[in-house]
Every structure is written in C-alpha cells, then in structure tokens.
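Undergrad: got a sequence here, can you build the structure:
(6 chains)
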4 protein chains.
Amino acid sequence: MKFNDKQVQIIEEAEKLFAQKGFKGTSVREIAQNAGINLAMISYYFGSKDKLLEAIFVYRGHNTKISLEEILKNGKMSPAEKIDVLIEKYVQKIFSQKPFYKIMSKEMLTNNTENTEKLILEIKTQNLELIAKIISEGQKSGEFSTDVDLPLIMATLSGAANNFIATQKYYRKLSGLESMKEKEFENLLLNKLTKNLKRIFKTLLSNDN
Amino acid sequence: MKFNDKQVQIIEEAEKLFAQKGFKGTSVREIAQNAGINLAMISYYFGSKDKLLEAIFVYRGHNTKISLEEILKNGKMSPAEKIDVLIEKYVQKIFSQKPFYKIMSKEMLTNNTENTEKLILEIKTQNLELIAKIISEGQKSGEFSTDVDLPLIMATLSGAANNFIATQKYYRKLSGLESMKEKEFENLLLNKLTKNLKRIFKTLLSNDN
Amino acid sequence: MKFNDKQVQIIEEAEKLFAQKGFKGTSVREIAQNAGINLAMISYYFGSKDKLLEAIFVYRGHNTKISLEEILKNGKMSPAEKIDVLIEKYVQKIFSQKPFYKIMSKEMLTNNTENTEKLILEIKTQNLELIAKIISEGQKSGEFSTDVDLPLIMATLSGAANNFIATQKYYRKLSGLESMKEKEFENLLLNKLTKNLKRIFKTLLSNDN
Amino acid sequence: MKFNDKQVQIIEEAEKLFAQKGFKGTSVREIAQNAGINLAMISYYFGSKDKLLEAIFVYRGHNTKISLEEILKNGKMSPAEKIDVLIEKYVQKIFSQKPFYKIMSKEMLTNNTENTEKLILEIKTQNLELIAKIISEGQKSGEFSTDVDLPLIMATLSGAANNFIATQKYYRKLSGLESMKEKEFENLLLNKLTKNLKRIFKTLLSNDN
DNA sequence: GATGAATGAGTTTTCATTCAT
DNA sequence: TATGAATGAAAACTCATTCAT
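TA: Residues are numbered from 1 along each chain as shown, chains lettered A, B, ... in the order given. Here you go, the predicted model:
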C-alpha cells in the first residue's frame, strides 16, 4: 500500500499529534489545520479517523520491517555480535521514531480495533522471528543457552526501551539532569539504554543460569 | 486524604474503565451508569473528570507507599534477599493493580496535567528511594557494585513489568499459550516475570561488570 | 414583611452578587458560600431564587419609601427648594444603594416575573406621587409651569441618575479621570450629577417654555 | 469585518432574544431554533456564545458610526441646529434599534468581558467625539457656554433615552396610556423624548448658567 | 480532487431544587 | 432549624462525518 504526498503529510502530522495528545485527545480538525489541508480531506483519503490510525501503522510498520531485515543479511558476524547490532539498531529506531512508538505503546494498553491489534501483532511477530533466527544460530553454535523464553526476552527488550521514551522526562528529574541540553541528554539516554540492554541480553542468553 | 464509600465506589469503577478504554475514551456518563450513581455526583464529589483521575492516583498512590514500606522494616534479610522480596512484592502489586498501572503507563505517555505529572513523579520517587536504601546497604557491605545507575535500573524494572501487563494478550499469542486458562496463564506470567527480573537485577547489581 | 438576621444576611449578599454578575449570572451556591450559610437554607427561607430576588425588592423598596417620605413633611421650604432637596436625597440614595439600583435597572430591561414588575411599578409610583405633590404645590403658587409631563420628568431624572451609576467606569475613562481616587471620584460624580439634575429640573418646570 | 447572510440571520435573532431575556437567560439552543439553523452552526460561525455577543456589537457598532457621521457633513446648519438634528437622529436610532440598546444597557451594568467593554467604550467615544465637534463649533461662535462637561451631557442624553426604551411599559402605565395603540404610543414617546432632550441640551449648553 | 458548510450525536459541567436525617 | 447528599434537567460546546458544489 502506497501513500501519496498529501497522505504522507497527513499521516506524519497525525502521528505527531497522536503521540503528544493521544488518539482521542486529538481532533481531526486539529490534524487538518496543522497539516494545512482541508478537514474533509481526511475522510476523503482515509475514510475515517480510525482508518487514519491504521494507516500510520501500515506506514511505519512497513518501514520497520525493511530496516530490521537488513541486519540479518550480514553473515560475517557472530550471533552475539548480531544481537549487539540488533539492540543498537532497535534502540536507534525507537529513538528516531519516538512518536510512532508512543502511539503503539498507548494502543497496546487499550482495547482498540481488531485491525490495529492485528497490525501490532504483525510488527511484534516480525521482530520476534528476527531475533529467533539469531538466537537459534547461537544455540546451534553453543554460544547461547537452549533454555530461552523468547517472548519474555522480547517483552523485556521492548518494555525497557519503550519505558525509556515514555518516562524520559521523569528519568531526567530523577537523575538530576534537568539542566543538560536536550540533544546531549538524548544521546546519553540512547547510549545508556543500549549498553544496559546488551548486558541484560548477555545474561539472559548465557549458559550459566 | 480520605475517600468515603461512595467516592471509593466511583474511583474503582472509573479506574476499571479508564484502564480499559482510556481516559478520553471513557465518558463520565459511563462511569456513573456502571457505578450506579447519578451523573452529577461525580462533579459533586470530585469537581471534574480530571480531578477524578487525580483522585485515582491519590487513592492508589497512598496504598502503594504503605505496602512497600513494610519490606524495609525486616532487618534480618541480606540486601540481595531484600531485592528479591522487593521484586516479588512489586510484581505482585502490579499484577493485583493492573488497571491502575495501565492508567499510569498511559498517563506517562501523554502530555497530561501538572497534577498527575506530580503525582506520578511522587510515586516513582518513593519507589526509587526505597530501592536506593537497599542498594546502598549492599554497596556498603560490598555485595553490590558501586557503579549503579539507579534510575536506569528502575526504568528497566518498571518498563519490563508494565510492558508485561500491557502486552499480555500479545505475549499469549506469541508464546502459543492461547488455550491455557486465564488464572493459570496469569500465574505463569507472574512467576516468569519475577524470576526474570531477579536475574536481571543480579546482573545489573553485580561487581563483575 | 419582616426578615430575620439570617434572611437579611442572605439578601444583602445576594444583592451584592446580583448587582455584580446579574441574576442569572449568580448561582445560589455562590450566594450560600459568600453568605456563609448552607445552600438549602435559601430554598428554606425564600422558597426559590426568584423569590429571593423579590425579597430584595421588598427589603429595599420598603426602605426607599420611608426615607423619601420624610422630605415632604418639612413644610417650611418652597416647592423649588423641595425639588432641590428631593434631587439631593434621591441622588444620595442611589449612590448609597448602588447595588440595588443596578439590579432594578437590569430587571426593568428584562421580561421578568409579574411580581418583580409589580414591585418596581410600586416603587416608581411612590416616587412619582411624591414629586407630583411638590410640583402640584409649585403649580398652585405659580412657580412651576402647568404644562409638565410628570412621568417624562421622572424618566429623565431616574434615567440620568441610573445611567451614571451604570456607566461610572466609562465616564471615568471618557473624562480622563482614571488616576483619581475612588472616593474622590465618587464625590465628584455625586455633586456634578446633583447640580446637573437641579438645573435640568429648573428648566423643565419653568414657565418660559 | 463582514458577516454573511447566515451570520446576520443568527446575529439578528440573538439580538432579539438577548434583549428580551438577557444574555444568560437566552440559550444558544433557543437562538438556533428561532433562527432555524443547526445548533452547532453558532459555534461554527462565531466560536462561542460570548463571541456571538461581541459580533452583535461589531455589527451594530459599525452601523452606528456610519449613520451618525453623515450628520456632520452638512455644513449649512448652525451648531444649535446641528445639535437638534443630532438629538433627532440619536433618538430615532435608539428607537429603531431598541434591542441592541437594551443589550448594551445591560452589558454596561454587568462586569462583562474585556472585549465587550472595549466595544462599548468605542461606541461611546465615537458619539462623544461627534458631539464634541459640534459643541466646539458653537463655543467658537459664542453660541454655547465654554463651561460644558461633555461626558456629563452625554450621560444625561443616553441615560434619559435608554431609560425610556427600558421603562416604556412602566411609562405607559404611569401615564395612563394603556389603551393607546402601540405604534401611536411609540410615536408619542419619540416626539416627547426628542422635544424634551432638545430643551435640556439648550439649557445645558446656554451661556446663562 | 477539493472545499466550505452543515449536522446530529456526543461531550463535560453547572444549575436550582429536594430529600432524608 | 439545619445540613450534606442527591437529582434531573439543562447548559455550552466539540466532535467526526457528510453533503452539495
């Protein structure tokens, strides 16, 4: 499914607003005004507000898949190195697409439409399969423990990462970093999170349980 | 701040609905109907829908504090054991108060009112201080590493835990446990999560970095 | 009709608020709070909000009558002097009971209940009869013109006077007296209005038409 | 600022109702029903009930200015004649736009929004400047006294005039003219008021104080 | 494709009044 | 007398969607 320029314009504006103020908290009128398009165009292009949300998932979910799949193609790395790269890429993606991940986090918390549920499950499944392959490699080579609960690891990974973008402002206050510049703080966070997750994965995948 | 029976009744009904359908997705009319009280009573007792949300935070935040503080009073345990108990209690609390934690997760993701932000920060600060004390004990006795980023550990803990209650249904499907009974699945989840978190904490607090 | 202390307390608070914010713009809850009494007491003492308004008219209308009647009893003054005193007293009364006259002005502008209409008419009639007597005296003695439209004179008198209390703040700005102290300005206004009205009455009652 | 047909329709209906029942006493639903338009159109066109009130002031205030300015352009009349014409025009305007002047009178009596206060002050200032010019002419030519309090004269003029339209029904009863036909009574009132005001102005502007 | 106007159902909140005690 | 609780009606406003052009 391809979106034309105008649709992308609407999608990106809607994504920003949904992330900031929630789906219900954002009116289509607001989206139209911010995107500089006519109110009726949203219905025209997407059918309804709900469908617009789904379009966001399609738009971002599509990007997600492609970008993550590239990791696996590199055959020279060890499974452990691949996990490290995966974590790096994953954290980078979440940080670069914060609004979308905020929306997804919110949607997972709510009884939403069947369609969004399906789309979220798709994204999760894709990521899971990706990791599954790497872990499977590592298990075959003996590097990783054979006693690994994959969905649990996934939940820990995405849980910690999403929580970081959700609670960024609280983290700032609790760490006493309120005076640090936004960009600097952002980098600090990204590095800490990446390092932390790598360490956690090492533990959870290791043989000595 | 104390709430009378009617207020508690409203608060608990609102909590349930806010968790299910979101704050904006729930109408006060709906709350009133489900709680079996007159619509105007909500304004009468809480002033507004926003204030009702704050009341939920006060109501649950209060309970949170008391129950967690009891852990520390036991002086016979080692810091490592205390951490284990803390994790157990924390996971139990989150599981027993799922609706509230769902609401809090959502609120953290949205630009909400100053008051709720303050109340969330309070709860987070209380938990942080609690863990800080235990870790400090462990650091003095040499059990724990002195190089510990407390807020990061907190974020990992609450992130993973909250993610579990948020993505429970997805976890079920991805693990192929759709046929398992709700209660059994709930227990399984609780145990896995607890065990997992204990292991992560052991790693993150250990000296061998 | 006599009012007890509590009723007077409510009446005076209501009068203040009705004058400030209008009858519809004032809630009974607000009156109760400001008067420091229980909300239900207003219904208890007066029956309804409408009846409370009528009570204000009875309360002030009663005062009005007594105070004005005293003017006539003095038999030593000439009709012209009496008119002057009447104007002085009238302006003083309006200035000292601004809130009530504001309410009355507003009520006259609106299709109100039969009762308030009747009460206003009563007050107007009383004043009219008072002036009528004085003018009649003056006509008999030849001082005043026999061609006098009494209600028209009345309307001019009360119109100008009421307009002054209604447009006080606008008058201040238009006269460039914004820096003058409130009390000083009040006195200035009172004197100017009195002098002005006396002059107008002299003209309207004079023989040379 | 121009209003389209629908907006004018709403404005005129609202004006009628506000004059009859007061601003607070009129519901937007009522306005919509009487104007035969959808309830939501009022918000759509004006934003809010308050803004609708302001629109009435803009709509009528605009008309006021234009119509009054034409008086001055006639250069052949003496200042005294101009004053007479001004009074005639002014009274005619008030009588032809009774609803608007009722609303304005009420608004002046209440602590209203900044915007309406500003708009009222504008209208008053415009009228004041108009009269100021004429009086200034008369003072230069020696016809009028140099000791003239302009705002006070204005207040007398508008006070008396407004009072007439406000107390029309009371005037009718007090004058014993209840059986007269509405139109006839209206004309009688207009003529009396005009004549009366001319006489008053003559006195207040004359040299012999 | 595009738009301004329009709509009906919905929202939260406020109100005057009444009730049980 | 007095009161806190309760209520139903009504208020203004917002919303997503649709329609005619």
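Undergrad: which residues of chain A lie near chain D?
TA: Remark: no part of chain A is in contact with chain D, using C-beta under 8 Å from any C-beta of the partner chain. No exception for glycine: its C-beta is placed from N, CA and C like everyone else's.
Undergrad: who in chain A is up against DNA strand F?
TA: A:26-29, A:39-40, A:42-43, A:48-50 (C-beta under 7 Å from any atom of the strand).
Undergrad: so how many other residues sit close to residue A:179?
TA: 7 (other C-beta atoms under 10 Å in any protein chain shown).
Undergrad: Three-state assignment for it, please.
TA: Secondary structure of residue A:179, reduced to three states by DSSP: H, G, I helix; E, B strand; the rest coil: coil.
Undergrad: quick check: phi and psi on it?
TA: phi -90, psi -10 (degrees, to the nearest 10).
Undergrad: check residue A:141 too.
TA: phi -80, psi 0.
Undergrad: one more: the one 5 residues further on?
TA: Torsion angles at residue A:146 (phi, psi; degrees, to the nearest 10) stand at phi -90, psi -10.
Undergrad: repeat that for residue A:199.
TA: Torsion angles, degrees, to the nearest 10, at residue A:199: phi -60, psi -40.
Undergrad: ok, it to residue C:90 distance?
TA: Counting by C-beta to C-beta, to the nearest Å, the gap from residue A:199 to residue C:90 is 90 Å.
Undergrad: one more: residue A:188?
TA: Distance from residue A:188 to residue C:90, by C-beta to C-beta: 78 Å.
Undergrad: so where's chain A uncertain?
TA: Regions of chain A meeting the criterion pLDDT under 70 cover residues A:1, A:63-71, A:208-209.
Undergrad: hang on, the earlier thing: ok, residue A:188 and residue C:90, which is more surrounded?
TA: residue C:90 (22 against 13).
Undergrad: where does chain A come near DNA strand E, residue by residue?
TA: Close to DNA strand E, as judged by C-beta under 7 Å from any atom of the strand, chain A has residues A:4, A:6, A:37-41, A:44.
Undergrad: among these, which are in helices?
TA: Those of the residues of chain A next to DNA strand E mapping onto helices are A:6, A:39-41, A:44, per DSSP state H.
Undergrad: mark which of the residues you listed are buried, thanks.
TA: The neighbour count (16 or more other C-beta atoms under 10 Å in any protein chain shown) marks residue A:41 as buried among these.
Undergrad: quickly check the ones in helices among the residues of chain A next to DNA strand E for the two that are furthest apart.
TA: A:6 and A:39 (13.5 Å; C-beta to C-beta).
Undergrad: tell me the angle of the strand or helix carrying residue A:107 relative to helix B:98-109?
TA: Secondary structure assignment for residue A:107, by DSSP states H and E: helix A:98-109. If you take axes from the mean of the first three to the mean of the last three C-alpha atoms, to 10 degrees, helix A:98-109 sits at 160 degrees to helix B:98-109.
Undergrad: is chain B within reach of the helix or strand following helix A:98-109?
TA: Of the helices and strands lying after helix A:98-109 in sequence (DSSP H and E), the nearest is helix A:114-140. Yes - under the criterion of C-beta under 8 Å from any C-beta, chain B is reached by helix A:114-140 at A:120-121, A:124-125, A:128.
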